[in-house]
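1. What follows is a predicted structure for the sequence shown.
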Amino acid sequence: QVDHFGFDDNLTFQQRYLIADQHWKKNNGPILFYTGNEGDITWFSNNTGFMWDVAQELNAMLVFAEHRYYGESLPFGNESYSDSKRLNYLTSEQALADFAVLIEHLKSTIAGARYSPVIAIGGSYGGMLAAWFRMKYPHLVVGALAASAPIWQFGDLVPCGAFFSIVTNDFKKSGTGCAESIRNSWSAIDRLSSTDAGLQWLSRTFHLCSPLKNLQEVAVLKRGLSDTWINLAMMNYPYAADFLEPLPAWPVEEVCKFLKDPSLSDKLLLQNVFQAINVYYNYSGQIQCYDMDETATKSLGQLGWNYQTCTEMVMPMCADGVSDMFEPQKWDINARSEECYKLWGVRPRPSWIISMYGGKNIYSHSNIIFSNGGMDPWSAGGVTRNISHSLVAIVIPEGAHHLDLRSHNPADPKSVRQARDLELCYMKQWIKKAR
């Protein structure tokens, strides 16, 4: 159903899902159900090695369900993004209802699956969906693993500056002078962009595909740099990986090798900043010039996510430039509302997610594991302390963004190996109880 919550039109669409049943024990072996997030589901299934690693031990079937409006699951085909009328059905509630209907469909059509216990698993926004799925449909899933799920990054549940502080700490710990160099780069860019010659110099130095013509374009460059530092902190994995971009092991340390001296002159400092971002954009050495609007893989649905942050996924963020290395920016919901209205013709509802999913008042739920990496900025909005004996927090000090959901790797720190063991242990308990 395009709309699960109204009866006026009966439009349907095709939702893509992937199934791997080679380890599944027929007659009610468990189902691990990945609650797809903002992107192509094949990409998520390739980056969620943990599920593949435990399938055999649990005799589990794996299902990866694609989120509506992403990948190939487009309710109105190529027209899905054409206007706010058609985008109206892009919500977390509709997506969870899709997952619920899909599970019921699989259980009634796959022989031997009728009584299979289902566990929801997801990372990031997918982790939020996994947790919310267990809260809203506890009769369908016996438990949820919500990895790096910032379910509290809403309203005033957490300080809006916590996110940027964690990014900054990652850079501080990865090299002397590193965070300070980045903090000093913003005013260096401002000083250079005050003249035409400076704009030309910046365009050449940063190998920009289209030269900077005005201060709006400089703002885009700065936002691109800011996103790059954030993405590096999220992807700070202990081995070379290709998630948002191909990166070396511990990429923040690699970047910080270029940013040791914050007291350099503007031009020398910014030449170093360029060397540093090259680790992120050009580790593979294929890139001729940079488009600072493109900061992540094509597999992520940037457009759809932008719409979601303009409606219900309103996550306040702010920086002060003192306790963090970013340009000071206040959280301004009114400005954001105007921006969203211009872009999509909609306005955000900042407190709706808390009304819908309970904010911090979730004691009445059970069987959810919230795992967070200590180096992951999204842990700022995550559940990092146990709430009850069955709402459990696992913190992975050396972990970045849902490292625990990735395949095991010889370079994995001990903390993530322990976290995965614990997650597996809880899942076995849930399956056992469900029997």
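-> Cool, the structure landed.

2. going forward, measure contacts and count neighbours with C-alpha atoms only.
-> Noted.

3. And stretch 289-303, end to end?
-> Counting by CA to CA, to the nearest Å, you get 23 Å between the two ends of stretch 289-303.

4. which residue ranges form the strands in the stretch 201-350 of the chain?
-> Using DSSP state E, counting those that start in this stretch, the strands assigned to the stretch 201-350 of the chain run over residues 241-242, 246-247.

5. Pick the most deeply packed of those.
-> Comparing the strands of the stretch 201-350 of the chain by mean neighbour count (mean count of other CA atoms under 10 Å), strand 246-247 ranks first with a mean of 20.

6. Partner strands of it and their direction?
-> strand 241-242 (antiparallel) (DSSP bridges).

7. quick one: average pLDDT of the partner strand?
-> Strand 241-242 shows a mean pLDDT of 87.

8. Any chance you could list what contacts that strand?
-> With CA atoms under 8 Å, 6 or more residues apart in numbering as the test, strand 241-242 has contacts from 247, 248, 249.

9. pLDDT below threshold where in the protein?
-> Of all residues in the chain, those with pLDDT under 70 make up the ranges 283-285, 293-300.

10. Please identify the residue most distant from the middle of it.
-> Distance from the centre of the chain peaks at residue 197, with 38.5 Å (CA atoms, centre = their mean).

11. Would you mind giving the secondary structure of it?
-> helix (DSSP: H, G, I helix; E, B strand; the rest coil).

12. Next up, the contacts around the residue most central in space within the chain.
-> The chain has residue 124 as the residue nearest its centroid, 4.1 Å off, counting by CA atoms, centre = their mean. Residues near residue 124 by CA under 8 Å, 6+ apart: 37, 146, 147, 148, 149, 150, 378, 401, 402.

13. Of these, just say which sits nearest to residue 186.
-> Nearest to residue 186 out of the contacts of residue 124 is residue 378 (CA to CA; 23.4 Å).

14. Could you pull up the residues touching residue 409?
-> Per CA under 8 Å, 6+ apart, neighbours of residue 409: none.

15. quick one: it from residue 240, how far?
-> From residue 409 across to residue 240, the span is 10 Å (CA to CA).

16. Any idea how many residues pack against the closest residue to residue 71 other than its chain neighbours?
-> Sequence neighbours aside, residue 40 is the residue nearest to residue 71 in space, at 4.0 Å (criterion: CA to CA, 6 or more residues apart in numbering). Counted by other CA atoms under 10 Å, the residues lying close to residue 40 total 22.

17. May I see the contacts of strand 241-242 organised as a markdown table, with distance to residue 159 added?
-> Output for the contacts of strand 241-242, formatted as a markdown table (distance: CA to CA, whole Å):
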| residue | distance to residue 159 |
| --- | --- |
| 247 | 30 |
| 248 | 32 |
| 249 | 31 |
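
18. Surely residue 353 and residue 312 touch.
-> Yes. Between residue 353 and residue 312 there is a contact under CA atoms under 8 Å: 6.3 Å.

19. Any idea how many residues pack against the residue lying closest to residue 59 once chain neighbours are set aside?
-> Spatially, and ignoring its direct neighbours in sequence, residue 59 is nearest to residue 24 (4.7 Å; CA to CA, 6+ apart). By the criterion of other CA under 10 Å, residue 24 has 20 neighbours.

20. and residue 24, what is it in contact with?
-> Neighbour list for residue 24: 30, 55, 56, 59, 60, 61 [criterion: CA under 8 Å, 6+ apart].

21. how far out from the middle of the chain is stretch 206-223?
-> Distance of stretch 206-223 from the chain centroid (CA atoms, centre = their mean, to the nearest Å) equals 26 Å.

22. Any buried residues in it, and which?
-> Residues of stretch 206-223 classed as buried: 206, 207, 208, 211, 212, 218, 221, 222 (neighbour count, 16 or more other CA atoms under 10 Å).

23. for stretch 360-375, same thing?
-> Residues of stretch 360-375 classed as buried by neighbour count (16+ other CA under 10 Å): 365, 366, 367, 368, 369, 370, 371, 372, 373, 374, 375.

24. Doesn't the fifth one lie inside a strand?
-> Yes. Residue 369: assigned to a strand according to three-state DSSP.

25. What residues are bridge-paired with it?
-> Here residue 369 sits in beta bridges with residue 145, residue 392, as judged by DSSP bridges.
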